[in-house]
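Trainee: Have a look at this prediction, sequence included:
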Amino acid sequence: MNYPIYLDYNATTPCAPEVIDAMLPYFGTHFGNAASKSHPYGWVAENAVEEAREIIAQLIGAKSKEIIFTSGATEAINLGIKGIFESYLGEKQHYITCQTEHKAVLDTFLEIEKRGAEITCLPVDGKGNISLKDLEDAILPHTKMICLMWANNETGVIHPIKEISEIAESRNIILFIDAVQAAGKIPVFTKGVHLMALSAHKFYGPKGVGALYVRHNHALPKPLAQIHGGGHEKGMRSGTLNVPGIVGFGKAAELRISEMEEEGNRLRELRDFLENQLLQIQNTSLNGSQENRLPHVCNIAFSGVEGEDLIKKVNQKVAVSSGSACTSISPKPSHVLQAMGINPDLGRASIRFSLGRNTTFEDVEKTINWVKEVVEKLRV
């Protein structure tokens, strides 16, 4: 197949060749079950899992025992939110999140709301930023959790996690951070954080594996298991571990530790060139903050064109999306852009460009020329 240029790295990333090479032996030669404690097949698999756990912990500044493997970030989010809700059953419960969170977070909160939880969704300003005063004002005596993403998947806007963690610590409230788009792309930390969701396929690891960081040595409760059957992962997540996936996750984390800063600088230059050129097209605008965001993402609105036509045409030569991959088939405008006060028609005519490891200057030049051509033709 003659694939288009790929600029949808926030949706998923290709496995790095080094990741694939690391995984392959665990499909065949080292096929053991990591829970088999009585023979070498299990020992080798278990050692590989624990090595990966250690490296992933290093990526976020955690201890290896604080990493709980899951099938991905969506499961980690469900475990974190529902697991905490169930740990407080019988008590009055209030949770704080934000209107621009990923649907995995918002939909999970809708579920616990049906079961009696109170949910506050903080608004954002026109650039996608929350107000720390709004956050503090939203806290109630029975607030159990603040749940916010480190960086937005559609605009790249970064929340002030240090200040948020200080607020949560001062009130003795669980802080759950969705770091799916941030980890491996910018430095992250766990100081003041109780729970953190990660996903391997967002930074050149395989799909189908993620993790939940669970803070140890703290009085606040840990999430109760949502999957039962064997007590794997310290009793929090039963099920035979995906050893090849976990090995790939670990290798991807190792690569990001070594190349994140240099690669981030390279992508920032490419992103800025792409953005500056596209914003020279008449009646275009940037969605989100220009400063406080991920280095590889920009979200641009193209007024005067029909959104569905724009996306279809651009995707003939450049693979992009209008927002989250989970909602990209929907003709509805992005809930993130709506929360920022962007007109629904303009929201539908917005494109998220997210660059990555394989993006070249030539790719960016071709993208600029193609998008300009498409917009010009659609506006006739």
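Mentor: Noted; the coordinates are in hand.

Trainee: Low-confidence ranges, the chain, go.
Mentor: Low-confidence segments of the chain, defined by pLDDT under 70: 323-331.

Trainee: what ranges do the strands span in it?
Mentor: Taking DSSP state E as the criterion, the chain carries its strands at 5-6, 67-70, 94-98, 118-122, 143-149, 174-178, 195-199, 210-214, 284-286, 297-302, 318-319, 350-354.

Trainee: Reformat these as a markdown table; add distance to Gly239 and mean neighbour count.
Mentor: All C-beta atoms are positioned from the backbone trio N, CA, C, and that covers glycine. As requested, the strands of the chain are exported to a markdown table (distance: least, C-beta to C-beta, whole Å; neighbours: other C-beta atoms under 10 Å):
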| stretch | distance to Gly239 | mean neighbour count |
| --- | --- | --- |
| strand 5-6 | 32 | 18 |
| strand 67-70 | 9 | 26 |
| strand 94-98 | 27 | 23 |
| strand 118-122 | 29 | 17 |
| strand 143-149 | 24 | 23 |
| strand 174-178 | 22 | 27 |
| strand 195-199 | 17 | 29 |
| strand 210-214 | 13 | 27 |
| strand 284-286 | 43 | 16 |
| strand 297-302 | 33 | 24 |
| strand 318-319 | 33 | 18 |
| strand 350-354 | 31 | 26 |
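
Trainee: Can you add distance to Asn265 and give these back as JSON lines?
Mentor: Below are the strands of the chain laid out as JSON lines (distance: least, C-beta to C-beta, whole Å):
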{"stretch": "strand 5-6", "distance to Asn265": "21"}
{"stretch": "strand 67-70", "distance to Asn265": "28"}
{"stretch": "strand 94-98", "distance to Asn265": "29"}
{"stretch": "strand 118-122", "distance to Asn265": "32"}
{"stretch": "strand 143-149", "distance to Asn265": "23"}
{"stretch": "strand 174-178", "distance to Asn265": "24"}
{"stretch": "strand 195-199", "distance to Asn265": "23"}
{"stretch": "strand 210-214", "distance to Asn265": "27"}
{"stretch": "strand 284-286", "distance to Asn265": "20"}
{"stretch": "strand 297-302", "distance to Asn265": "15"}
{"stretch": "strand 318-319", "distance to Asn265": "23"}
{"stretch": "strand 350-354", "distance to Asn265": "16"}
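
Trainee: out of those, nearest to Gln226?
Mentor: Nearest to Gln226 among the strands of the chain is strand 67-70 (9.7 Å), distances taken as C-beta to C-beta.

Trainee: The closest one pairs with which strands, parallel or anti?
Mentor: Paired with strand 67-70 in the same sheet, following DSSP bridges, are strand 210-214 (antiparallel).

Trainee: and the spatially most central residue of the chain, what does it touch?
Mentor: The chain has Val180 as the residue nearest its centroid, 2.4 Å off, counting by C-alpha atoms, centre = their mean. Residues in contact with Val180 (C-beta atoms under 8 Å, 6 or more residues apart in numbering) are Ala73, His102, Met149, Asn153, Ala197, Leu198, Ser199, Lys202, Gly210.

Trainee: and the gap between Leu110 and Gln338?
Mentor: 17 Å (C-beta to C-beta, to the nearest Å).

Trainee: I meant to write Asp178 there.
Mentor: 19 Å.

Trainee: How about residues contacting stretch 44-60?
Mentor: With C-beta under 8 Å, 6+ apart, stretch 44-60 has contacts from 26, 30-37, 63-64, 66-67, 69, 179, 183-184, 188-190, 196, 198, 211, 213, 241, 243, 246-247, 249-251, 253-254, 256-257.

Trainee: cool, and stretch 115-124?
Mentor: Contact with stretch 115-124 is made by 85, 92-101, 106, 109-110, 112-113, 130-131, 134-135, 138, 140, 142, 339-340, as judged by C-beta under 8 Å, 6+ apart.

Trainee: one more time with 6 Å, if that's ok
Mentor: 85, 93-100, 109, 113, 130, 134, 138, 339-340 (C-beta atoms under 6 Å, 6 or more residues apart in numbering).

Trainee: Settle it for me: which of Leu110 and Gln338 has more neighbours?
Mentor: Neighbour tally, Leu110 and Gln338, criterion other C-beta atoms under 10 Å: the higher count belongs to Gln338, 15 against 12.

Trainee: Let me see the contact set for the closest residue to Ala57 other than its chain neighbours.
Mentor: Spatially, and ignoring its direct neighbours in sequence, Ala57 is nearest to Ser64 (4.5 Å; C-beta to C-beta, 6 or more residues apart in numbering). Contact analysis of Ser64 by C-beta under 6 Å, 6+ apart lists Arg53, Glu54, Ala57.

Trainee: Can you give me the distance of Ser64 to Ile55?
Mentor: Computed with C-beta to C-beta, the distance linking Ser64 and Ile55 is 9 Å.

Trainee: swap in Asn292?
Mentor: Separation of Asn292 from Ile55 (C-beta to C-beta): 28 Å.

Trainee: So the two - more neighbours on which side?
Mentor: The residue with more neighbours, out of Asn292 and Ile55, is Ile55; 19 against 15, by other C-beta under 10 Å.

Trainee: Do a quick rundown of the helices in this protein.
Mentor: Taking DSSP state H as the criterion, the chain contains helices spanning 17-23, 40-60, 73-87, 103-114, 132-138, 161-171, 243-278, 307-314, 335-339, 344-348, 361-378.

Trainee: Dump these into TSV; add distance to Leu286 as well.
Mentor: TSV is the format used below for the helices of the chain (distance: least, C-beta to C-beta, whole Å):
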stretch	distance to Leu286
helix 17-23	33
helix 40-60	29
helix 73-87	27
helix 103-114	23
helix 132-138	23
helix 161-171	23
helix 243-278	7
helix 307-314	16
helix 335-339	12
helix 344-348	12
helix 361-378	14
